[in-house]
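Enquirer: just a sequence and a predicted model for now, questions to come.
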Protein chains: 2
Amino acid sequence: MARSVDHQRRRMEVLAAARRVIVRDGIEAATTRNIAREAGCSSGALTHYFAGKDDILSSLLRHSHEHVRRRRRERTAGVRGLAALRELLLDSLPLDAERTRETRMEIDFWSRGLTAEHLADVQRREHAKLRAAIRRRLAEAHEAGEITLPRTPPPEVLAEIAAKGTPRAADRPAVPEGEDPPAEEPGKEDGPPRPQDLDAVAERLLALVDGLSVHLLLYPDRLSRAEAERLVLAELAALAR
Amino acid sequence: MARSVDHQRRRMEVLAAARRVIVRDGIEAATTRNIAREAGCSSGALTHYFAGKDDILSSLLRHSHEHVRRRRRERTAGVRGLAALRELLLDSLPLDAERTRETRMEIDFWSRGLTAEHLADVQRREHAKLRAAIRRRLAEAHEAGEITLPRTPPPEVLAEIAAKGTPRAADRPAVPEGEDPPAEEPGKEDGPPRPQDLDAVAERLLALVDGLSVHLLLYPDRLSRAEAERLVLAELAALAR
């Protein structure tokens, strides 16, 4: 038992060393040799704990995601709907040192995942969980009357934007005099949320926080943490309007 | 003269070889040795054309961005405002093989830029240009009456969302009977666009296309190119409403 606890402790020390190497020097510096040196052991000793570099990297990615999920569970404990959605989204932004390190690794892992299937697979499963959580919170917020889900515009509106980029009221066919304007689509705000609207808003919010995360790390002189936070809150304010 | 043309041609061949290595194997594989092999020459021969690996990578990044800018100039030739904005945003998405290669490299360069200042500097300048172009097109579209710039919500609305996540009409102070509701802020839709609103929309659109680009490459099973395109057009439709 004591042996197994020690084994687990050593594994965690190696992962912590790997994280320090990546955050400081980038993922290309995360060789078994550099990781072993950072952990204060020999490359040979690492083989007691990990099958190799690939195993270290995917274990680190999984471990980091478990940590993030635990923190998100704490941040959303006892809240639902829009409040929970806000916690999930703000927690995804690099607004403090810990999350900056996480985002730093995440961008490295995106890059590496494009050629390393074992990493891409971990990322896909994790991203699917976050997306499902956001979608569920959106549905809760909609059910509680906290938000209005914007309807995905009908194909003809998108086609108009795609074709001309200038959809102005003047370009639309006027309603002939004496006729009523066409009724709103029935059930616009009623009933359960439409899956396609939930999908569209969830994807938009996820893309926004991922894009803002990249900009915060790469262009900190241009985008401040406070501004990024305001942009996410403004998105939620627009849904809550 | 002929010699200089040949020199330039060889440089371009080396850059093309470096791009193939990165797109196929990732940026960590882009060593001078691998690039030389891909280009069909010796590592020594490379030194006639580039000072080293760093020089090759930053030249490749600059060259790729010049190519993208040229394509965007062509796509926006003769259009302004919303139509030009649409071209800029859709061109930033990996919707075909060429732009998928570009996005592939971009994500690699984001990762590398976090530790390599000479690359981060190229990225910063390029991103500032794209952001300025988007901002200018937004201002044109606003001036032409094609879009309404959403106002950045006032601090108290954001504070409410930040504090509770549940800003519902019922929570707001009702207007006392017999009094008029407060007037809309004067000049809400008139006059030149406010800089902070242009900044907020430009940043949101940029973050959206960068986030969608990551998702398209990493999670193609979840997000299709057609859906990503629809999401961007829907953002423009919301502005044009």
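Expert: Looks like it arrived, so ask away.

Enquirer: can we go C-alpha only for contacts and neighbour counts from here?
Expert: Fine.

Enquirer: may I ask which helix or strand of chain A has the lowest mean pLDDT?
Expert: Counting by mean pLDDT, DSSP states H and E, chain A has its least confident helix or strand at helix A:155-163, which shows a mean of 86.

Enquirer: after it, which helix or strand is next?
Expert: Helices and strands here follow DSSP states H and E; after helix A:155-163, the next one along the chain is helix A:195-218.

Enquirer: list the helices and strands that next one packs on?
Expert: If contacts are counted by 3 or more Cα pairs under 8 Å, 6 or more residues apart in numbering or on different chains; DSSP states H and E, helix A:195-218 sits against helix A:81-91, helix A:97-113, helix A:117-143, helix A:225-240, helix B:97-113, helix B:195-218.

Enquirer: Throw those into TSV and include mean neighbour count, mean pLDDT and distance to B:His63, thanks.
Expert: Shown next, in TSV, are those (neighbours: other Cα atoms under 10 Å in any protein chain shown; pLDDT from 0 to 100; distance: least, Cα to Cα, whole Å):
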stretch	mean neighbour count	mean pLDDT	distance to B:His63
helix A:81-91	22	96	36
helix A:97-113	20	94	20
helix A:117-143	18	94	29
helix A:225-240	20	95	30
helix B:97-113	20	94	11
helix B:195-218	22	96	20
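
Enquirer: I'd like those helices laid out as JSON lines, including distance to A:Ala30.
Expert: Shown next, in JSON lines, are the helices and strands packed on helix A:195-218 (distance: least, Cα to Cα, whole Å):
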{"stretch": "helix A:81-91", "distance to A:Ala30": "26"}
{"stretch": "helix A:97-113", "distance to A:Ala30": "11"}
{"stretch": "helix A:117-143", "distance to A:Ala30": "14"}
{"stretch": "helix A:225-240", "distance to A:Ala30": "28"}
{"stretch": "helix B:97-113", "distance to A:Ala30": "13"}
{"stretch": "helix B:195-218", "distance to A:Ala30": "22"}
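
Enquirer: among these, which comes closest to A:Ser58?
Expert: Put simply, out of the helices and strands packed on helix A:195-218 the one that sits nearest A:Ser58 is helix A:117-143, at 5.7 Å, with distance taken as Cα to Cα.

Enquirer: which one of the helices and strands packed on helix A:195-218 lies closest to A:Met12?
Expert: Checked against Cα to Cα, the stretch from the helices and strands packed on helix A:195-218 lying closest is helix A:97-113, at 16.3 Å.

Enquirer: now what about that closest one, what contacts it?
Expert: A:19, A:22-23, A:26-27, A:61, A:64, A:91-94, A:119-120, A:123, A:213-214, A:217, B:26, B:104, B:107-108, B:110-112, B:114, B:214, B:218 (Cα atoms under 8 Å, 6 or more residues apart in numbering or on different chains).

Enquirer: quick one, what contacts the residue nearest the centre of chain A?
Expert: Chain A has A:Leu206 as the residue nearest its centroid, 5.0 Å off, counting by Cα atoms, centre = their mean. Taking Cα under 8 Å, 6+ apart as the definition of contact, the neighbours of A:Leu206 are A:89, A:131, B:211.

Enquirer: got the contact list for the closest residue to A:Leu212 other than its chain neighbours?
Expert: In this structure, A:Leu212 finds its nearest non-sequential neighbour in B:Ala207, 5.3 Å apart by Cα to Cα, 6 or more residues apart in numbering or on different chains. By Cα under 8 Å, 6+ apart, the contact list for B:Ala207 reads A:207-212, A:215.

Enquirer: burial check on the nearest residue to A:Leu233 once chain neighbours are set aside, number of neighbours?
Expert: Leaving out its chain neighbours, the residue that sits closest to A:Leu233 by Cα to Cα, 6+ apart is B:Leu158, at 5.9 Å. Burial of B:Leu158 is recorded as 23 neighbouring residues (other Cα atoms under 10 Å in any protein chain shown).

Enquirer: per the record, what domains does chain A have?
Expert: Domain segmentation of chain A under automatic domain parsing yields A:1-50, A:60-164+A:193-241.

Enquirer: and the longest one, how far apart are its ends?
Expert: According to Cα to Cα, to the nearest Å, domain A:60-164+A:193-241 extends 41 Å from its N-terminal end residue to its C-terminal end residue.

Enquirer: return the distance of that domain from the chain's centre.
Expert: The gap between the average C-alpha position of domain A:60-164+A:193-241 and the chain average comes to 4 Å, counting by Cα atoms, centre = their mean, to the nearest Å.

Enquirer: what do you get for the shortest one?
Expert: On the basis of Cα atoms, centre = their mean, domain A:1-50 sits 27 Å off its chain's mean C-alpha point.

Enquirer: for it, give the mean pLDDT please.
Expert: Model confidence over domain A:1-50 averages 90 on the pLDDT scale.

Enquirer: what about that domain and chain B, any contact?
Expert: Yes. Judged by Cα under 8 Å from any Cα of the partner chain, domain A:1-50 comes into contact with chain B through A:24-26, A:28.

Enquirer: give the buried subset of these as a ChimeraX selection command.
Expert: To isolate in ChimeraX the members of the residues of domain A:1-50 next to chain B that are buried, counting by 16 or more other Cα atoms under 10 Å in any protein chain shown, one can use:
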select /A:26
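
Enquirer: of the helices and strands packed on helix A:195-218, which is nearest A:Ala45?
Expert: Nearest of these (Cα to Cα): helix A:117-143, 23.4 Å.

Enquirer: tell me how many other residues crowd the nearest residue to A:Ala84 once chain neighbours are set aside.
Expert: Leaving aside its sequence neighbours, A:Ala84 sits nearest to A:Thr76 (Cα to Cα, 6+ apart; 5.2 Å). With neighbours defined by other Cα under 10 Å, the count for A:Thr76 comes to 16.

Enquirer: A:Arg241 too?
Expert: A:Arg241: 11 surrounding residues under other Cα under 10 Å.

Enquirer: contact partners for it?
Expert: Taking Cα under 8 Å, 6+ apart, we find A:Arg241 in contact with A:147-148.

Enquirer: state the pLDDT value of it.
Expert: pLDDT, A:Arg241: 78.

Enquirer: where's it relative to A:Glu146, distance?
Expert: Using Cα to Cα, one obtains 9 Å as the distance from A:Arg241 to A:Glu146.

Enquirer: what's the answer for A:Arg124, then?
Expert: Note on A:Arg124: its distance to A:Glu146, by Cα to Cα, is 30 Å.

Enquirer: do A:Asp210 as well
Expert: Here the criterion is Cα to Cα. By it, A:Asp210 lies 24 Å from A:Glu146.

Enquirer: just to revisit the earlier point, would you confirm that the residue nearest to A:Leu233 contacts A:Ala240?
Expert: No. If you go by Cα atoms under 8 Å, B:Leu158 and A:Ala240 don't touch, sitting 11.1 Å apart.

Enquirer: next up, the contacts around A:Ala139.
Expert: Neighbours of A:Ala139 in contact, by Cα under 8 Å, 6+ apart: A:81, A:193, A:198.

Enquirer: ok, now how distant is it from B:Ala120?
Expert: Remark: distance between A:Ala139 and B:Ala120 (Cα to Cα) = 40 Å.

Enquirer: next: A:Ala226.
Expert: The value you get for A:Ala226 to B:Ala120, if Cα to Cα is used, is 22 Å.

Enquirer: now swap in A:Glu126 and tell me
Expert: From A:Glu126 to B:Ala120 the distance is 28 Å (Cα to Cα).

Enquirer: so what does the least confident helix or strand of chain A touch, helix or strand wise?
Expert: helix B:225-240.

Enquirer: 6 Å instead?
Expert: Helices and strands in packing contact with helix A:155-163 are not found; criterion 3 or more Cα pairs under 6 Å, 6 or more residues apart in numbering or on different chains; DSSP states H and E.
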